[in-house]
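In: predicted model follows, preceded by the sequence.
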Amino acid sequence: MTDVVRVIRQSQGTEDSISLQQQREKTRALAENLDADLIDTVDLNNHSGFSLFRKDPGDERLDSHPEVQKMIEGLRAGQWDYLIAHDDTRIARDEFYSVIQYAALEGDCEFQFVSDVPNDRLTFRIQRIVETETKAKEIQKSKAAVEHRREQGYHHGSPPFGLKFDANGEYLVKDMDEWPTVERVFTLREEGLSYRDISDKVEIISKSGVGKIVRKNREMYLKRMDSDHSAVSTAE
């Protein structure tokens, strides 16, 4: 019988045909083929797979993830006989893979993969270069898209309560299901009610939600008001 740790991870922001469920099923089958007695799982869900080795990855770093740090400690301590994953890029998409590989070497833990993985150094380096370039292009495209929206005056981010994107996904318009609630919040504020009192009367809006309407996103709402609520106090 053997002890196994398996790594499950899907890339963020990319076309990734290897689903999380597929990875979970196939790595478990591989663990059973290895006659595993204990199967530990490091399930990272959607994570970029990049670390400090990739400068400015734009996502939470893999090497700072607590589950990954704990796994490396376990590898060094010889906690498992095998580390398994669907393929090597599930473990890491950059040179941080070598750090995990060295920890496994210290603890006499062997890597096993569901799919065939080239193990020569040249192929490994080429694969990492391609992964890094792909990520850099993703970040560049994302930044360009955000900048384009800002230049065009489009809203960036999720619409505030009571508003929604128009049919083209560009400008904010009233969400007629929620807009009456926004109007009521402003009316109650004009009557002198506190944020807490308004929240008590409008049960679907929290105290902080009232603050976002009459203070944080005030100008967005006033531009779309049929009546003038500009005198509404923003002080809590």
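Out: Arrived safely.

In: lowest-pLDDT helix or strand in this protein?
Out: helix 121-151 (a mean of 59; mean pLDDT, DSSP states H and E).

In: pLDDT averaged over the helix or strand following it - what is it?
Out: Using DSSP states H and E, the helix or strand that directly follows helix 121-151 along the chain is strand 163-165. Mean per-residue pLDDT for strand 163-165: 86.

In: name the residues of the lengthiest strand in the chain that are buried.
Out: Identified as the longest strand of the chain according to DSSP state E is strand 36-46. By neighbour count with 16 or more other CB atoms under 10 Å, strand 36-46 contains the buried residues A36, I39, D40, V42, L44. In short, each C-beta sits where N, CA and C put it, glycine included.

In: partners of it in the sheet?
Out: strand 2-10 (parallel) (DSSP bridges).

In: any weak-confidence spans in this structure?
Out: 12-17, 55-59, 117-156, 227-235 (pLDDT under 70).

In: show me where it has helices.
Out: Secondary structure of the chain (DSSP state H): helices at 20-33, 66-76, 88-91, 96-106, 121-151, 179-190, 195-201, 207-211, 218-222.

In: tell me which residue of this protein is furthest from the middle?
Out: No residue in the chain sits farther from the centre than E191, which is 41.8 Å out by CA atoms, centre = their mean.

In: tell me the contacts of G162?
Out: G162 is in contact with K174, D175, E178, W179, T181, V182, I213, Y221, counting by CB atoms under 8 Å, 6 or more residues apart in numbering.

In: again, 10 Å this time
Out: 172, 174-183, 185, 205, 213, 217, 220-221, 224 (CB atoms under 10 Å, 6 or more residues apart in numbering).

In: backbone torsions only: list them for it.
Out: With angles defined as degrees, to the nearest 10, G162 sits at phi 90, psi -10.

In: leaving out sequence neighbours, find the closest residue to it.
Out: What sits nearest to G162 in space, not counting adjacent residues and going by CB to CB, 6 or more residues apart in numbering, is V182, at 3.8 Å.

In: what of A85?
Out: V7 (4.4 Å).

In: please name the bridge partners of that neighbour.
Out: The partner residues for V7, given DSSP bridges, come to V42, A85.

In: D40 contacts I8, correct?
Out: No: D40 is beyond contact range of I8, at 11.5 Å (criterion: CB atoms under 10 Å).

In: re the thing from before, and the buried residues of strand 36-46 as TSV, adding distance to E60?
Out: Converted to TSV, those look like this (distance: CB to CB, whole Å):
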residue	distance to E60
A36	29
I39	26
D40	22
V42	15
L44	10
